[in-house]
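Asks: Turn this into a structure:
(chains A and B)
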2 protein chains.
Amino acid sequence: MDLWFTEKQTKDFGITAKIKKTLHGEQTEFQKLDMIETYEWGNMLTLDGMVMTTEKDEFVYHEMVAHVPLFTHPSPKQVLVVGGGDGGVIREVLKHKTVEKATLVEIDGKVIEYSKKYLPSIAGELEGNPRVEVKVADGFMHIAESERAYDVIMVDSTEPVGPAVNLFTKGFYAGISKALKDDGIFVAQTDNPWFKADLIKQVFQDVKEIFPVTRLYTANIPTYPSGMWTFTIGSKIHDPLKVKEDRFEDIDTKYYTKELHVASFALPRFVKELTE
Amino acid sequence: MDLWFTEKQTKDFGITAKIKKTLHGEQTEFQKLDMIETYEWGNMLTLDGMVMTTEKDEFVYHEMVAHVPLFTHPSPKQVLVVGGGDGGVIREVLKHKTVEKATLVEIDGKVIEYSKKYLPSIAGELEGNPRVEVKVADGFMHIAESERAYDVIMVDSTEPVGPAVNLFTKGFYAGISKALKDDGIFVAQTDNPWFKADLIKQVFQDVKEIFPVTRLYTANIPTYPSGMWTFTIGSKIHDPLKVKEDRFEDIDTKYYTKELHVASFALPRFVKELTE
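Replies: Below is the predicted model of the structure:
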């Protein structure tokens, strides 16, 4: 018997992957969590039926969320990841030697627990690294309680349904601004332009009202809807398009390069129009 | 009853789209042709079960195949499209005023016939335009018989199975070189780096042995495997990365921009490595 996992990315379109078995499945306090062993993508984490990460293509998302804002900042020391319980962003953050402390605030402890168990190449740094602090807590509240605390904040959330709904509000972006130092930068994943154009447009406008420098960039993530993902940056001073050549260091990546750092901000016309 | 079309893009992974109905289906002399009406993508043409084009996302492929080489050439007049029976590349080629004649050589007349019928917004220029010549013939043979005839050649083929297998050989690229004028350029679609890395690597090496300027660029096509598509350029003189600013004209596009023309050559590290 062949078993296939299908995610309906819209009501009329989806992806389907042949699976070996379900490694774990449960309804946590916040969402439905499934860990699936697939043939094409290796182990795959889904939340509420949506693919969050897979062993085969996780590097794209994690590298692009982390390195673009981190190289934009001249010397990031205090870094916060909101969400991101699989640990992939933290792993990338730690490649930057300037970073003294990387804090993860994930609302759902089960995501951390099962990522450690079934996605060790992604979650490996969540335990035993003195530069990492892991908190199981509400990211929205953590932001509300933080003031001038961070150089860079990454919002690695699920879609704006379920536990992440507060993370796509103007109030949240205002909180992030307060939680950042005077030259701080934040980035948030902001879905895809083929099926969620309105969301991208709304977030971009909201962030723009709060941050002097607002930019959108993209990356190719095969297991995410449409294969093209967007990230929105809000920055108080530093512009990701004006990073000095000597700021870039050689780090071990499979997707990110300093050329791609710049190129990823060149948007297809129909995407660019969402930012105008 | 819900009807869904599923394409297995690899043996273990695929896409699935809800359909209203099949508009046409037949085994032509060369391949299985299906025209399907979908909810998400509008009308969709598949050949041998693989998505060739859809009304919703066709603009990406057609713009990126056409405008990158056409703006790289200082003044393209004679243009050849090998394959491309849906007419989308021809439509884009005609946006360039320098082009005097755009010749389409498609092996399968049925693709042209049913594209005209069910994809009129794509195939509309295949009839009645004095700058367009349509030939139902073998592109490989047409190339073999052509000498210094074209400024730009686009190879808009299916995958290297079935009728297109000859179009991924070094002999074909040598033929293209002969068919091009002394400063000619060609581009071929070369599949995706997630599932077909070996193919991209092989084609790039083959083209590099024949053309002084060889480049790879990418575009996001949601209905194609992995959502990231590659295109390989072989050029005798002109470099797509050294196009003078004043060469670009404003043309009506939804994906292509002059900034993206350059940025699309900035490759993710794992893709860049396929060209080294």
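Asks: going forward, measure contacts and count neighbours with C-alpha atoms only.
Replies: OK.
Asks: Next, count neighbours for the closest residue to A:Arg131 other than its chain neighbours.
Replies: Excluding its sequence neighbours, the residue lying closest to A:Arg131 (C-alpha to C-alpha, 6 or more residues apart in numbering or on different chains) is A:Lys101, at 4.7 Å. Each residue near A:Lys101 was counted by other C-alpha atoms under 10 Å in any protein chain shown, and the total is 19.
Asks: again with A:Val161
Replies: So A:Val161, with other C-alpha under 10 Å, has 11 neighbours.
Asks: ok, now A:Phe204?
Replies: A:Phe204 has 22 nearby residues by other C-alpha under 10 Å.
Asks: That one and B:Lys254, how far apart?
Replies: Distance, A:Phe204 to B:Lys254, by C-alpha to C-alpha, to the nearest Å: 20 Å.
Asks: swap in A:His238?
Replies: Per C-alpha to C-alpha, A:His238 is found 30 Å from B:Lys254.
Asks: try A:Gly109
Replies: 43 Å.
Asks: can you check A:Tyr173 too?
Replies: In terms of C-alpha to C-alpha, A:Tyr173 sits 30 Å off from B:Lys254.
Asks: more neighbours, the two?
Replies: The residue with more neighbours, out of A:Tyr173 and B:Lys254, is A:Tyr173; 24 against 16, by other C-alpha under 10 Å.
Asks: May I have the phi/psi pair for that one?
Replies: phi -70, psi -30 (degrees, to the nearest 10).
Asks: now the lengthiest helix in chain A: mean pLDDT?
Replies: Using DSSP state H, we find that the single longest helix of chain A is helix A:58-72. The average pLDDT within helix A:58-72 is 98.
Asks: Which is the succeeding secondary structure element to it?
Replies: Using DSSP states H and E, the helix or strand that follows helix A:58-72 in sequence is strand A:78-83.
Asks: What angle do helix A:58-72 and that following strand make with each other?
Replies: If you take axes from the mean of the first three to the mean of the last three C-alpha atoms, to 10 degrees, strand A:78-83 sits at 150 degrees to helix A:58-72.
Asks: got the buried residues for strand A:78-83?
Replies: A:Gln78, A:Val79, A:Leu80, A:Val81, A:Val82, A:Gly83 (16 or more other C-alpha atoms under 10 Å in any protein chain shown).
Asks: Tell me which two of those residues sit farthest apart.
Replies: Farthest pair in those (C-alpha to C-alpha) is A:Gln78 and A:Gly83. Separation: 16.4 Å.
Asks: Residue ranges of each domain in chain A, please.
Replies: A:3-53, A:58-275 (automatic domain parsing).
Asks: which of those sits most buried?
Replies: Ranked by mean neighbour count under mean count of other C-alpha atoms under 10 Å in any protein chain shown, the domains of chain A are led by domain A:58-275, which reaches a mean of 20.
Asks: what about that domain, how long is it end to end?
Replies: 27 Å.
Asks: Which stretches in chain A count as strands?
Replies: For chain A, the strands defined by DSSP state E occupy A:3-10, A:13-27, A:32-38, A:42-47, A:50-54, A:78-83, A:101-106, A:132-136, A:150-156, A:180-189, A:213-220, A:228-235.
Asks: tell me which parts of chain A are close to chain B?
Replies: Remark: the part of chain A in contact with chain B comprises A:12-18, A:39-40, A:220-223, A:225-228, A:253-257, A:259-260, A:263-264, A:266-270, using C-alpha under 8 Å from any C-alpha of the partner chain.
Asks: who's the residue nearest to A:Arg131 bridged to?
Replies: Under the criterion DSSP bridges, A:Lys101 forms beta bridges with A:Gln78.
Asks: and A:Val79, how far is that from A:Arg148?
Replies: 12 Å.
Asks: all helices for the stretch 101-250 of chain A, in order.
Replies: Taking DSSP state H, counting those that start in this stretch as the criterion, the stretch 101-250 of chain A carries its helices at A:109-118, A:120-123, A:139-144, A:170-179, A:197-208.
Asks: Rebuild those as a markdown table, extending it with mean pLDDT.
Replies: Shown next, in a markdown table, are the helices of the stretch 101-250 of chain A (pLDDT from 0 to 100):
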| stretch | mean pLDDT |
| --- | --- |
| helix A:109-118 | 98 |
| helix A:120-123 | 98 |
| helix A:139-144 | 96 |
| helix A:170-179 | 96 |
| helix A:197-208 | 96 |
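Asks: what would these look like in CSV with distance to B:Ile90?
Replies: Shown next, in CSV, are the helices of the stretch 101-250 of chain A (distance: least, C-alpha to C-alpha, whole Å):
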stretch, distance to B:Ile90
helix A:109-118, 49
helix A:120-123, 46
helix A:139-144, 51
helix A:170-179, 45
helix A:197-208, 29
